[in-house]
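Trainee: Take a look and give me a structure for this.
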Amino acid sequence: MRVGESYLLFAGCLIPARLPFLEASSRLVLDKLGVEYEPFPSASCCVEPIGLRSLGHDSWLAVVARMLSIAQAKRKDVLVLCNGCFMSFKEAAHQLEEEEIRNKVNQMLAPIERRYAGGVKVRHLMELLEGRASRMESMVTAPQSSLRVALHPGCHVLRPSRVLQIDSSFSPRVLGDIAQRTGAQVVENEDWPRCCGGPLSGVDDRISNAILQEDVEAFRRAGANCILTPCPFCFIQFDLRQKAGLPVLYLAELVALALGASAEEIGLKYHRVKVDI
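Mentor: Modelled structure (predicted):
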């Protein structure tokens, strides 16, 4: 039985490999909020939740079940920084609650002497911040009142909402609530959040770029001077591939700034589109 909230922090593949400054801002926020966590031991890729999972469903379940079994053995839950990883973990954990599926996967894990019994919780950073929103707001020392943010929660943290259970897939409110508590003004919150075009990058760049530019143009028309996202894949799409020069902040970066962190502390200099704060 767990004593209080204690997490294994799963940063995924993309953040450590290409965006380590996003992990730095996340750790800073977790430390300031007094969240108990430790790095995920013996972590692997979660298996990309759309294409790769479709190519090997049983392998995907076994990969995630192995990591869930590690969390279970350490009597901790899983805290995820990436939308895609969150969807992969959350949907796998949902399926593994069925005894027949879990038994089948445990047979696959038996040669490495691992077994998952169910019950480990998986939480996204955005979900955790929403649960501690009042405490976070009381700790704001540098309100981000100069920011007029367009919200882009990303697809894989919202849908399927009945499984992910963070927010509604229609008129989501969690990201906007957190942003407003940092002092930022929300100027764009779509009723039906659109894709950033990232999944089509490298498949059909013409369509991917068209989706991206359509999003950015809508944000500019709304008066945004910044895009806010909790997803590192969306972050890359907006920071590296857009042409309009509208800066993007990862959710933990915005919260870290509001809690008094400097731009240098959280590595804003590593953004391709510079953030003028």
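Trainee: Which residue ranges of the stretch 151-277 of the chain form strands?
Mentor: With DSSP state E, counting those that start in this stretch as the criterion, the stretch 151-277 of the chain has strands at 185-188, 226-229, 248-250.
Trainee: For V149, which of those strands is the nearest?
Mentor: With Cβ to Cβ, the closest approach to V149 among the strands of the stretch 151-277 of the chain belongs to strand 226-229: 4.4 Å. Any C-beta I mention is one placed from the backbone N, CA and C, and that applies to glycine too.
Trainee: where are the low-confidence patches of the stretch 101-250 of the chain?
Mentor: Of all residues in the stretch 101-250 of the chain, none has pLDDT under 70.
Trainee: before we move on, the earlier item: nearest to S54, out of the strands of the stretch 151-277 of the chain?
Mentor: strand 226-229 (24.6 Å).
Trainee: returning to what we had before: mind checking the strands of the stretch 151-277 of the chain for the one nearest to E113?
Mentor: Closest approach to E113 among the strands of the stretch 151-277 of the chain (Cβ to Cβ): strand 248-250, 37.3 Å.
Trainee: So if we follow the domain assignment, how does the protein break up?
Mentor: Here the domain parsing of the chain from automatic domain parsing is 7-125, 141-270.
Trainee: how long is the last one end to end?
Mentor: Domain 141-270 has an end-to-end distance of 24 Å (criterion: Cα to Cα, to the nearest Å).
Trainee: before we move on, the earlier item: deepest-packed of the strands of the stretch 151-277 of the chain, please.
Mentor: strand 248-250 (a mean of 28; mean count of other Cβ atoms under 10 Å).
Trainee: picking up where we left off before, can I get the strands of the stretch 151-277 of the chain in a markdown table with distance to K90?
Mentor: Converted to a markdown table, those look like this (distance: least, Cβ to Cβ, whole Å):
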| stretch | distance to K90 |
| --- | --- |
| strand 185-188 | 26 |
| strand 226-229 | 18 |
| strand 248-250 | 20 |
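Trainee: For the spatially most central residue of the chain, which non-adjacent residue is spatially closest?
Mentor: The centre of the chain sits closest to C82, judged by Cα atoms, centre = their mean, with a distance of 3.2 Å. With Cβ to Cβ, 6 or more residues apart in numbering as the criterion, C82 has its nearest non-adjacent residue at 4.1 Å, and that residue is G12.
Trainee: Distance check, the one you found against V35.
Mentor: 18 Å (Cβ to Cβ, to the nearest Å).
Trainee: Looking at these two, which one has more neighbours?
Mentor: G12 (24 against 18; other Cβ atoms under 10 Å).
Trainee: confidence score at that one?
Mentor: For G12, the pLDDT comes out at 96.
Trainee: The stretch 51-200 of the chain: helices as residue ranges?
Mentor: 51-55, 57-73, 83-95, 99-109, 125-131, 133-138, 161-164, 174-181 (DSSP state H, counting those that start in this stretch).
Trainee: wait, which of those helices is closest to C155?
Mentor: Closest approach to C155 among the helices of the stretch 51-200 of the chain (Cβ to Cβ): helix 83-95, 7.4 Å.
Trainee: quick one: contacts for L68?
Mentor: Taking Cβ atoms under 8 Å, 6 or more residues apart in numbering as the contact definition, L68 lies against V78, F89, A92, A93, L96, Y116, V120.
Trainee: let's go with 7 Å and repeat that
Mentor: L68 is in contact with A93, Y116, V120, counting by Cβ atoms under 7 Å, 6 or more residues apart in numbering.
Trainee: same question, E97
Mentor: Taking Cβ under 7 Å, 6+ apart, one finds G118 in contact with E97.
Trainee: Please determine how far it is located from N209.
Mentor: In this structure, E97 and N209 are 40 Å apart, going by Cβ to Cβ.
Trainee: Tell me if I'm right that the residue nearest to the centre of the chain and I15 touch.
Mentor: Yes - counting by Cβ atoms under 7 Å, C82 does reach I15; the two are 6.3 Å apart.
Trainee: Put together JSON lines for the domains of the chain, with distance to R135 on each row.
Mentor: Shown next, in JSON lines, are the domains of the chain (distance: least, Cβ to Cβ, whole Å):
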{"stretch": "domain 7-125", "distance to R135": "7"}
{"stretch": "domain 141-270", "distance to R135": "10"}
